[in-house]
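*Asks:* quick one, structure for this:
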Amino acid sequence: MMMTPDPIKLVLLGATGSIGDSTLKVLRKHREHVELLGIACNSSIDPFLDIANEFNVPHLAIYSEKAYQQAKNHPKLPTNSKLYGGMEGLLQLATLPEASHILFAMVGVTGLQPALASIEASKSLILANKEILVLAGELITQKAKEHKATLLPADSEHNAIHQCLHNVNPDEIHRLLLTASGGQFRNATTEELQNVTLEQALKHPNWDMGPKVTIDSSTMANKGLEIIEARWLFDMPADKIQVVVHPQSIVHSMVEFKDGSILAQLSPPEMTFALQNAIFHPRRHSRVLPTLDFSQTHQFDFSPPDEKRFPCLRLAKDALNAGGAAPATFNAANEIAVQAFIDKLIPYHYIPGIIEKTLQQMPKLHPATLEEILEADQVARKIASQQLTS
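*Replies:* So this is what the prediction gives:
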């Protein structure tokens, strides 16, 4: 008789965002296979406490000091849950002794310190937070080997590659093919890109994501960040990572082998598929949502990206090749520029220019520790902010 494995003990950092929402769909389907031990959010108290009550979560963390103080006396706060605040709270959850898997679904650099703490505690890290590997890919992968921690990709593209590489000899890989939807402006002219409104930039044709990621998809900065992530996740040099525009977002990525064979992973453009695979790896359980119906006609289109119209892709590759603090600089400058566009301080087409100028003006730094990485990030943000008024 086959033994039923013990439930996965999961901590979800970033419970109230779009990735958190998709993760909870998986957990509702598979309550017998996953125990939600801890959740964290930045400041969205009401939905956060609703999740805590629904799943009887024993450990809660709120990063915002103001929201943390408000939550202490909130009528929805479960009486049997422990509430933590600030970075200390995130670190508590990231290193819970009884937790096996820590899912990083936060946006920004906040997840970097908890990720390192999870690695040092030899956890399995499920990564949906790009900044962790973009800022500190070398440090993270080195520490993961040292502490025998596992890095499991939850982004649909990297999870697709992860699935295609299962039980594969690295010497057999020729290149990785990251697919990109091309975003909402993939067919826009250079002139049309100069008149993009915020409302237009926030409407992705395939995916339901937060505003930052949606805008990044439209500029292809998102795909640039994914190239940097792939370099570290799969120990693959930049020249062996290629981006392919695939508007349908059904082929999530591919791997080409040295014999010319190409393996692809397909599923609908819904994050539950990748998240479920990462959470339960190497096992598979029944799906949350309907998958592809091949009794219907499907059209799959592929084309190369236009780096002249979408220079963020080229800038990301340049940053990866430059090494040192350049990938962190690309990320910081992009965050500053995107937020400035959201705040209507700059037009849409200024975003790549701010990134390029910041990369040019950034000192040649080679951060090796967490403190040095965070310091380089702050330097880059200061330089990028200066571009907004220059």
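
*Asks:* make it CA atoms for all contacts and neighbour counts henceforth
*Replies:* Noted.

*Asks:* what backbone torsions are found at Asp259?
*Replies:* Asp259 adopts backbone torsions of phi -80, psi 0, taken as degrees, to the nearest 10.

*Asks:* so what's it up against?
*Replies:* Applying Cα atoms under 8 Å, 6 or more residues apart in numbering, we find Asp259 in contact with Glu172.

*Asks:* once you drop chain neighbours, what's closest to His366?
*Replies:* Once flanking residues are discounted, His366 sits nearest to Gly324: 4.2 Å by Cα to Cα, 6 or more residues apart in numbering.

*Asks:* and what about the one you found, helix, strand or coil?
*Replies:* coil (DSSP: H, G, I helix; E, B strand; the rest coil).

*Asks:* for it, phi and psi?
*Replies:* phi 60, psi -130.

*Asks:* wait, it sits on Lys364?
*Replies:* Yes: using Cα atoms under 8 Å, Gly324 makes contact with Lys364 at a distance of 7.3 Å.

*Asks:* those two - which one has more neighbours?
*Replies:* Neighbour totals were compared for Gly324 and Lys364, and Gly324 leads with 20 against 14 (other Cα atoms under 10 Å).

*Asks:* tell me the mean pLDDT for the host helix or strand of Gln70?
*Replies:* Take DSSP states H and E as the rule and Gln70 turns out to sit in helix 65-72. In this model, helix 65-72 has a mean pLDDT of 97.

*Asks:* what's that helix in contact with?
*Replies:* Residues contacting helix 65-72 (Cα under 8 Å, 6+ apart): 42-45, 61-62, 77, 83-86.

*Asks:* could you say what helices and strands the helix or strand following it packs with?
*Replies:* As assigned by DSSP H and E, the chain's next helix or strand after helix 65-72 is strand 82-85. Judged by 3 or more Cα pairs under 8 Å, 6 or more residues apart in numbering; DSSP states H and E, the packing partners of strand 82-85 are strand 59-62, helix 65-72, helix 86-94.

*Asks:* the same query, at a cut-off of 7 Å, please.
*Replies:* With contacts taken as 3 or more Cα pairs under 7 Å, 6 or more residues apart in numbering; DSSP states H and E, strand 82-85 sits against strand 59-62.

*Asks:* any stretches of the chain with poor pLDDT?
*Replies:* By pLDDT under 70, the low-scoring segments of the chain are 1-4, 205-209.
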